[in-house]
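predicted structure and sequence below. I'll ask about it afterward.
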Amino acid sequence: MTAAPAPVAIIVEGVSKAFGAVQALLDVHLRVGAGEFLGLIGPSGCGKTTLLKTIAGLVRADAGRVTVGGRAVAGPGRECSVVFQDFALLPWATAQKNVEFGLLLRGAPGAERAATARRAIAKVGLAGFEDAYPSQLSGGMQQRVGLARALAVNPQVLLLDEPFASIDEQTRRLFQDDLLRLWSEERKTVLLVTHSMEEAVYLADRVVVLSPRPGRVHAVLDVPLSRPRESSDVRATAEFAGLVDGLWKILRKLQ
Amino acid sequence: MPHSSDLGRTGLAAVLGLLAAWEIVGRLDVSMFVPPVSEVAVAWWRLLGDGTLSRAAASSLVSLVKGFVPAAVLGVVVGLGMGRFRTVRYVLDGWVNALMSAPLSALVPVLIALFGIRDTVVAATVFLFSFFVIVVNTLTGVRGTDRALVEMARVFGAGEAALFRRIYLPAALPAIMLGVRLGAVQAVKGMVVGEMLISLVGLGERLIYYGNTFLITELYAVIVSVLLLALLASQLAQAADRALVRWK
């Protein structure tokens, strides 16, 4: 710990967003600390993905303000990158070219692009698969490419939109551990949208519960489980079960 | 992996079977309009040797290229424009749909009035026959682009130009190449229709001539040439497709 990092990475102040007659978000307030791992959970249609896209600059809020890394968000910026639910990989490009894609769009020169992408691919455990096309990779491996692409641009904030939703259970658990390991190495701020209570508790420092239609912050749950949690038996502890149960009690009332 | 060579063998057997049946029916002298395929082959060889077929085919090919290349280039540009810009789509949609399903040979007299009885009419007919299918396929390809890819590119800072070049164009490429293939086949149709209607140059003129003079064997020799040309055009387009869309 040398220089003190900016204490708050994401500030959401009074954000509202409607799509036609549907009020997706209403007066949402949220602060995410620098280096924090925040889970965002709620029933389907509660606007959690809309909130993530608003922070990413993909969706413009009707009212309110979003600040990321001290910059007011008016569109997609360099502070954030996103990992998408259905991977959003270019089917016509190899894993290497997919990971380079963000760097390419942000204007990195060719040689640097290739080297940075190769490092990111190795980091997510895919070394040797650089020349594979997405169709030749399993779902879990495709999402690792998605994560490598997001990390390659070295963002302050990583926005994960249900990244494990399309991945089978064993692969998901291994991937979650790798994500925690990468997060502790890279010290990124992470916002994870998920519909899995177990996943939210296992990964996050705090879990924010959104209520549906209109989406607003309903509750915030602290997760005081010690770290590192990866490759530990934390899931088997009574404390873990109690936290998941507490989250369920909040969510059940919202259904 | 014996499948593809098996299929190739089955296809070859089917063609040989058809040719054998043709030969038998021809030898049985069922009708003067079905000469044996061996005689057609001899006539084809003779017409190739005396320059009749090669002259006609050369003229046909020139019209084909003069009509098809602009149709492909312009078709892709118009299709991309219609796919990306709502205004362009609204302005052109009606025209494209109307002309795509219209019997375009009805327009050839207009082309003759415009250009006179010249080979330009043939090139223009080729253009009209192949243009619309390329436009519509390109448009469909652009419109079918995965929204998630567009969003992903925007997250990494893509503007309109980068989206076009890095997402919409490669995403639409398989559909564009399908359009080009279908367009190439349409182009050969347009070529023959145009040449038959102006009856002046190319393989189409030979079709009319041999048909009117009841030189049935020679007529078949020209028909076979047209089929070979259509096959060649479609194979070339398919090879281009494979070279450009390797990831599928």
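Perfect, thanks for sending it.

now the most centrally placed residue in chain A, which residues is it bridged with?
When Cα atoms, centre = their mean is applied to chain A, the residue found nearest the centroid is A:Leu160 (2.0 Å). Beta-bridge partners recorded for A:Leu160 (DSSP bridges): A:Val83, A:Leu192.

surely it meets A:Val193?
Yes: under the criterion of Cβ atoms under 8 Å, A:Leu160 makes contact with A:Val193 at 6.6 Å. (C-beta placed from N, C-alpha, C; glycine too.)

residue contacts, the residue nearest to the centre of chain A?
Contacts were defined as Cβ atoms under 8 Å, 6 or more residues apart in numbering or on different chains; by that measure A:Leu160 touches A:82-83, A:190-193.

so where's the chain shaky on pLDDT?
No chain in the question, so chain A it is. When the per-residue scores of chain A are filtered using pLDDT under 70, the ranges that remain are A:1-6.

oops, I was thinking of chain B
When the per-residue scores of chain B are filtered using pLDDT under 70, the ranges that remain are B:1-5, B:248.

how about the residues of it near chain A?
Proximity of chain B to chain A is confined to B:146, B:148-149, B:151-158, B:162, B:166-167, B:170-171, B:173, B:245, B:247 under the rule Cβ under 8 Å from any Cβ of the partner chain.

what about B:Asp119, distance to A:Pro134?
In this view, B:Asp119 and A:Pro134 are 48 Å apart by Cβ to Cβ, to the nearest Å.

B:Val91 too?
Between B:Val91 and A:Pro134 the computed distance is 37 Å (Cβ to Cβ).

tell me which of these two has more neighbours.
Neighbour count, other Cβ atoms under 10 Å in any protein chain shown: between B:Val91 and A:Pro134, A:Pro134 has more, with 20 against 12.

need the nearest residue in space to the more buried one, chain neighbours excluded.
Spatially, and ignoring its direct neighbours in sequence, A:Pro134 is nearest to A:Leu89 (4.3 Å; Cβ to Cβ, 6 or more residues apart in numbering or on different chains).

list the buried residues for stretch B:78-92?
Using 16 or more other Cβ atoms under 10 Å in any protein chain shown as the burial criterion, the residues of stretch B:78-92 that qualify are B:78-84, B:89, B:92.

just how off-centre is it within its chain?
Distance, stretch centre to chain centre, for stretch B:78-92: 24 Å (Cα atoms, centre = their mean, to the nearest Å).

output that stretch as CSV, nothing but the C-alphas.
These are the backbone C-alpha positions of stretch B:78-92, laid out as CSV (Å, rounded to 0.1, in the frame of the first residue of the first chain):
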residue,chain,number,x,y,z
VAL,B,78,-26.9,-0.1,-51.1
GLY,B,79,-27.7,-3.1,-48.9
LEU,B,80,-25.3,-1.8,-46.2
GLY,B,81,-26.8,1.6,-46.4
MET,B,82,-30.3,0.3,-46.1
GLY,B,83,-29.2,-2.0,-43.2
ARG,B,84,-27.7,0.8,-41.1
PHE,B,85,-29.7,3.9,-41.9
ARG,B,86,-33.4,3.9,-41.4
THR,B,87,-34.1,6.8,-43.8
VAL,B,88,-32.3,5.0,-46.6
ARG,B,89,-34.3,1.8,-45.8
TYR,B,90,-37.6,3.7,-45.8
VAL,B,91,-36.8,5.4,-49.1
LEU,B,92,-35.6,2.3,-51.0
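
what comes into contact with it?
Applying Cβ under 8 Å, 6+ apart, the set of residues contacting stretch B:78-92 from outside is B:93, B:96, B:134-139, B:141-143, B:164, B:168-169, B:172, B:176, B:179.

quick check: which helices or strands does the particular helix or strand that has B:Ala175 in it pack against?
Taking DSSP states H and E as the criterion, the element that holds B:Ala175 is helix B:169-198. Contacts defined by 3 or more Cβ pairs under 8 Å, 6 or more residues apart in numbering or on different chains; DSSP states H and E place helix B:169-198 against helix B:52-84, helix B:108-115, helix B:119-143, helix B:202-212, helix B:216-244.

contacting residues around the closest residue to B:Leu61 other than its chain neighbours?
Closest residue in space to B:Leu61, ignoring its immediate chain neighbours: B:Leu229 at 7.6 Å, by Cβ to Cβ, 6+ apart. Contacts here follow Cβ under 8 Å, 6+ apart; on that basis B:Leu229 touches B:57, B:60-61, B:64, B:188, B:203.

I'd assumed A:Val145 was in contact with the residue nearest to A:Pro134.
Yes: under the criterion of Cβ under 8 Å, A:Leu89 is in contact with A:Val145, at a separation of 5.9 Å.

from chain A, how far off is B:Val77?
Counting by Cβ to the nearest Cβ, to the nearest Å, the gap from B:Val77 to chain A is 21 Å.

okay, now that residue: neighbour count?
Taking other Cβ under 10 Å as the criterion, the count of residues near B:Val77 is 13.

pull the number of nearby residues for B:Arg143.
B:Arg143: 15 surrounding residues under other Cβ under 10 Å.

measure it to B:Tyr168 for me?
Plainly put, B:Arg143 is 10 Å away from B:Tyr168 if you go by Cβ to Cβ.

same deal with B:Val73?
Taking Cβ to Cβ as the measure, B:Val73 falls 17 Å from B:Tyr168.

and A:Pro212, by the same measure?
As defined by Cβ to Cβ, A:Pro212 lies at a distance of 34 Å from B:Tyr168.

re earlier: the helix holding B:Ala175 versus helix B:202-212: what angle between them?
Between the axis of helix B:169-198 and that of helix B:202-212 there is an angle of 40 degrees, by axes from the mean of the first three to the mean of the last three Cα atoms, to 10 degrees.

what about A:Val12, which SS state?
Three states are possible here, and by DSSP: H, G, I helix; E, B strand; the rest coil the one that applies to A:Val12 is strand.
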